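Engineer: Pasting a predicted model and its sequence here:
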Amino acid sequence: MYRPVDMLGVPTPLGLRPPAPGRVPGARHAPAALRRAGLARALEARDHGDLPEPPYDPYGDPATGFLNGDVLPGYSRAIADRVGPLLSHERRLLVVGGDCSLMLGTALALRRRGRCGLVFLDGHSDWYLPRHGGPRTAAGTDLGLVLGDGPDALTDIDGARPYLQAQDVVAFGYRDGGDDAHATRAAFRAAPMQHVPISAIRADGALASMHTALRTLMSRQPEGLWIHLDVDVLDPRWMPAVDSPEPPGGLDWNELQQVLTSLLAHPATLGLQVTVFDPERDPGGEHAARLVDLLAAAFGRR
């Protein structure tokens with residue numbers, strides 16, 4: 001069924017470490033780059049512009065222990081305030097990031113609406129707990145934060161913890177390794193969500209794996225469904241323009257398009273957020289153009 005599309009840009013780098021001393025992560029340029037590549041036109045979208053880019057500090061916030069932890073609560077609330085009025089079963093919302101820390105804002109908007117499900121398409125599990133000191137990053141822990149694991153300033157904005165329930169989450173396509181000397185993923189593995197790693201997808205097929213996971217998720221009768229897409233779920237041969245690429249073995253363009261098309265066609269789906277595309281790693285614009293084509297096809301425009 002054809003549904004009109006709304007588009008909102010969130011040019012946030014707050015959840016990422018600086019790529020080099022004195023530099024701000026390039027994912028903040030993704031909304032502008034994808035507009036230049038024709039995204040709004042390809043989707044026939046109503047473009048709501050961008051939130052202002054937040055101030056970026058390359059040092060940790062001592063109160064929360066997170067990079068930019070003092071800015072994230074207010075910016076997440078601003079995201080939720082803009083996203084909430086755009087959520088509708090009659091339309092589809094596309095939120096263009098920015099890094100994965102925008103998940104806090106969109107999850108807060110979903111929480112205000114009711115109990116919603118989340119399909120988390122990401123090459124990483126995004127629930128890393130460091131073994132040693134140093135500031136944590138919201139883009140590496142966003143899934144844990146929205147499920148209530150972390151400092152109150154980030155996990156309990158407006159007294160809404162948890163923003164999502166683990167039982168309403170499908171983690172799909174991740175291929176990060178096990179624990180290492182720097183971080184553990186034990187909380188991610190123990191959480192009562194559906195875990196669908198790339199190994200399971202390779203055994204059963206991408207579309208069949210998603211259909212199975214979606215049936216289980218929808219049996220819980222959430223009031224809406226949200227899609228998180230970190231483009232590093234793609235194999236780096238197809239999408240190298242990301243902040244933290246995982247080794248080869250990710251989804252290809254066709255697999256991802258099939259999965260997104262199926263999800264966006266579901267009547268419960270409210271929208272999709274796209275994160276971690278870095279135009280600074282795509283100087284010729286070819287990956288931006290390919291991403292626009294993928295999204296246009298997934299939204300039923302091509």
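Structural biologist: Great, that's in hand. Numbering: from 1, shown residues only.
Engineer: Provide the partner residues of V169 in its beta bridges.
Structural biologist: In this entry, V169 is beta-bridged to L118, by DSSP bridges.
Engineer: Name the helix or strand for the nearest residue to V96 once chain neighbours are set aside, please.
Structural biologist: Counting by Cβ to Cβ, 6 or more residues apart in numbering, P31 is the residue found nearest to V96 once chain neighbours are left out, at 4.6 Å. Placement of C-beta: from N, CA and C, glycine included. In this structure, P31 sits in helix 30-36 according to DSSP states H and E.
Engineer: And S199, by the same measure?
Structural biologist: Here S199 is covered by helix 198-204, with elements defined by DSSP H and E.
Engineer: pLDDT on that helix, on average?
Structural biologist: Averaged across helix 198-204, pLDDT comes to 97.
Engineer: What lies in contact with the following helix or strand past that helix?
Structural biologist: Along the chain past helix 198-204, the next helix or strand (assigned with DSSP H and E) turns out to be helix 206-218. For helix 206-218, the external contacting residues (Cβ atoms under 8 Å, 6 or more residues apart in numbering) are 117, 119, 168, 170, 172, 194, 196, 200-201, 204, 225, 251, 255-256, 258-259, 262-263, 266, 268.
Engineer: which is the next helix or strand following helix 206-218?
Structural biologist: Scanning forward in sequence from helix 206-218 by DSSP H and E, the next helix or strand is strand 224-230.
Engineer: quick one, that following strand and helix 206-218 angle?
Structural biologist: Angle between the axes of strand 224-230 and helix 206-218 is 140 degrees (criterion: axes from the mean of the first three to the mean of the last three Cα atoms, to 10 degrees).
Engineer: tell me the angle of the next helix-or-strand element following strand 224-230 relative to strand 224-230?
Structural biologist: In the C-terminal direction, the helix or strand that comes right after strand 224-230 (DSSP H and E) is helix 253-264. Computed with the same axes, to 10 degrees, the direction of helix 253-264 lies at 160 degrees from that of strand 224-230.
Engineer: Any buried residues in helix 253-264, and which?
Structural biologist: Within helix 253-264, the residues that qualify as buried are W253, E255, L256, Q257, Q258, V259, L260, S262, L263, L264, counting by 16 or more other Cβ atoms under 10 Å.
Engineer: what do you get for stretch 140-147?
Structural biologist: Those buried within stretch 140-147 under the rule 16+ other Cβ under 10 Å are G140, T141, D142, L143, G144, L145, V146, L147.
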